[in-house]
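*Asks:* only geometry, no sequence info:
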Ligand SMILES: O=P(O)(O)OC[C@H]1O[C@H](OP(=O)(O)OP(=O)(O)O)[C@H](O)[C@@H]1O
Ligand SMILES: O=c1[nH]c(=O)c2nc[nH]c2[nH]1
């Protein structure tokens, strides 16, 4: 998606350790007009695919998923929680994942009443790096008996391999920008066809 690539080139900051900072528009300050265009693009790519629920993971996926849902007939958005809480009652599906940015393990929890065998799920998230967050969400869908119809990602850092591992497992992964390489020293970034 040209608009997203241009925005990354304009406002993204390439950091050491394979980190791309896009907090000016994607995951701290949010450009909702861009989110809306991203939602429209996923809707176009997944046209004709039955989706009755969008699943994401807190925190950064939530805003993107909620805006995108407007382009999928206002289907409900469920987000996996990464901490237990007194507000989380009832039976739950749970697993755990390692966070690339926070460098520690987190629980991934979804209430059983919000996901089940009748659900046709589109998973959305802001980033795909090693694929750990998605592996957790896919495990939750498997536990729930929900059918995963596809995965939509804003920025895939293809050089970390998570996306290709998921494609090799048979999942349809639609990333709007695919970073092939980036160099913190030179400040350069190369995109792959997406
Ligand atoms: O493919 P992976 O290696 O799993 O990386 C991608 C995940 O990392 C980020 O989450 P983070 O843990 O930074 O949490 P946040 O959404 O709260 O920022 C991002 O939002 C994805 O969920
Ligand atoms: O803001 C972010 N930048 C990244 O490079 C990244 N990788 C996973 N999750 C990420 N979030």
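*Replies:* Okay, I see it. Since we're looking at a predicted model, the values are computed, not measured. Numbers count the residues shown, from 1 in each chain. Ligands and ions are numbered 1, 2, ... in the order given.
*Asks:* please report how far the residue positioned nearest the centre of the chain lies from residue 188.
*Replies:* With distances taken as CA atoms, centre = their mean, residue 125 lies nearest the centre of the chain, 1.3 Å away. Per CB to CB, to the nearest Å, residue 125 is found 25 Å from residue 188. Every C-beta, even on glycine, is put in place using the N, C-alpha and C of the backbone.
*Asks:* ok, residue 177 next?
*Replies:* Taken as CB to CB, the span from residue 177 to residue 188 is 15 Å.
*Asks:* neighbour count: the two, which is higher?
*Replies:* Neighbours were counted for residue 177 and for residue 188 using other CB atoms under 10 Å; residue 177 has more, 27 against 11.
*Asks:* per-residue pLDDT, the more buried one?
*Replies:* In this model, residue 177 is scored at 98, pLDDT.
*Asks:* which residues does it contact?
*Replies:* 1, 4-5, 8, 154-156, 191, 194 (CB atoms under 8 Å, 6 or more residues apart in numbering).
*Asks:* flag the least confident of these.
*Replies:* For these, the least confident entry is residue 194, with 90.
*Asks:* what does the protein have sitting close to ligand 2?
*Replies:* Counting by CB under 6 Å from any ligand atom, the positions of the chain adjacent to ligand 2 are 19-22, 27, 100-101, 127, 129, 157.
*Asks:* how does it look with 5 Å?
*Replies:* 19-20, 100-101, 127, 129 (CB under 5 Å from any ligand atom).
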